[in-house]
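Chemist: the following comprises the amino acid sequence and a computationally predicted model.
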Amino acid sequence: MALKTDAVGKSWPTHEYEVGREKIREYAQVIGLDNPVYFDVEAAQAEGFRNMVAPPMFVVVYAAWAMGPVLFDPEVAMNFAAMVHGAQEFEWGEPVCSGDLISTVATCKDIYPKDGKGFYIFETESRNQDGDLVCKATWTNIVRGIDQ
């Protein structure tokens, strides 16, 4: 399969996600966290947060929605049957709290072949309702069986 690079430099429409208390609680409970800042507004505020705070990896909840259209875009042309997760990198900013409206934009940073594999590098940038960066993430997917 030949590698298609038409999407390099492309950004997709912004996705908005409103952060709710119950979603934070559910996420924290499922991953086994017990810090009260993830379950109780007063505990979070006592620790200096604006409201109940989301765990850092809650980014997968709000950023995943922005990545969906990216992965299924014909200009990306990713072969899911041969895809594996390569890497993730995160740059954290302002903590995400209950009541925040997070806007995430996804961009294709690069698509390139290496050793018979295709490397797909995407970046998401998520900001809260005040325009503050909450997370900049790099997502790398690797697809086997690419022609050089």
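Modeler: Structure received.

Chemist: in which helix or strand would I find Y27?
Modeler: In this assignment (DSSP states H and E), Y27 forms part of helix 21-30.

Chemist: list of residues touching that helix?
Modeler: With contact meaning Cβ atoms under 8 Å, 6 or more residues apart in numbering, helix 21-30 is reached by 35, 38-39, 41, 52-55, 58, 61, 98. In short, each C-beta sits where N, CA and C put it, glycine included.

Chemist: give me that answer again for 6 Å
Modeler: If you take Cβ atoms under 6 Å, 6 or more residues apart in numbering as the criterion, helix 21-30 is touched by 38-39, 52, 54-55, 58, 98.

Chemist: next: stretch 103-110.
Modeler: Contacts for stretch 103-110 (Cβ under 6 Å, 6+ apart): 7-8, 10-12, 14-16, 63, 66-67, 70, 121-127.

Chemist: mind checking which of these land in strands?
Modeler: Those of the contacts of stretch 103-110 mapping onto strands are 15-16, 121-127, per DSSP state E.

Chemist: just the buried residues of those.
Modeler: Buried subset of the ones in strands among the contacts of stretch 103-110 (neighbour count, 16 or more other Cβ atoms under 10 Å): 15, 121-127.

Chemist: next, format those as TSV and append pLDDT and distance to A77.
Modeler: Below are those laid out as TSV (pLDDT from 0 to 100; distance: Cβ to Cβ, whole Å):
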residue	pLDDT	distance to A77
H15	97	21
I121	98	15
F122	98	14
E123	98	19
T124	98	20
E125	98	24
S126	98	26
R127	98	29
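
Chemist: may I ask which two of the residues you listed are separated the most?
Modeler: The most widely separated members of these, counting by Cβ to Cβ, are I121 and R127 (20.7 Å).
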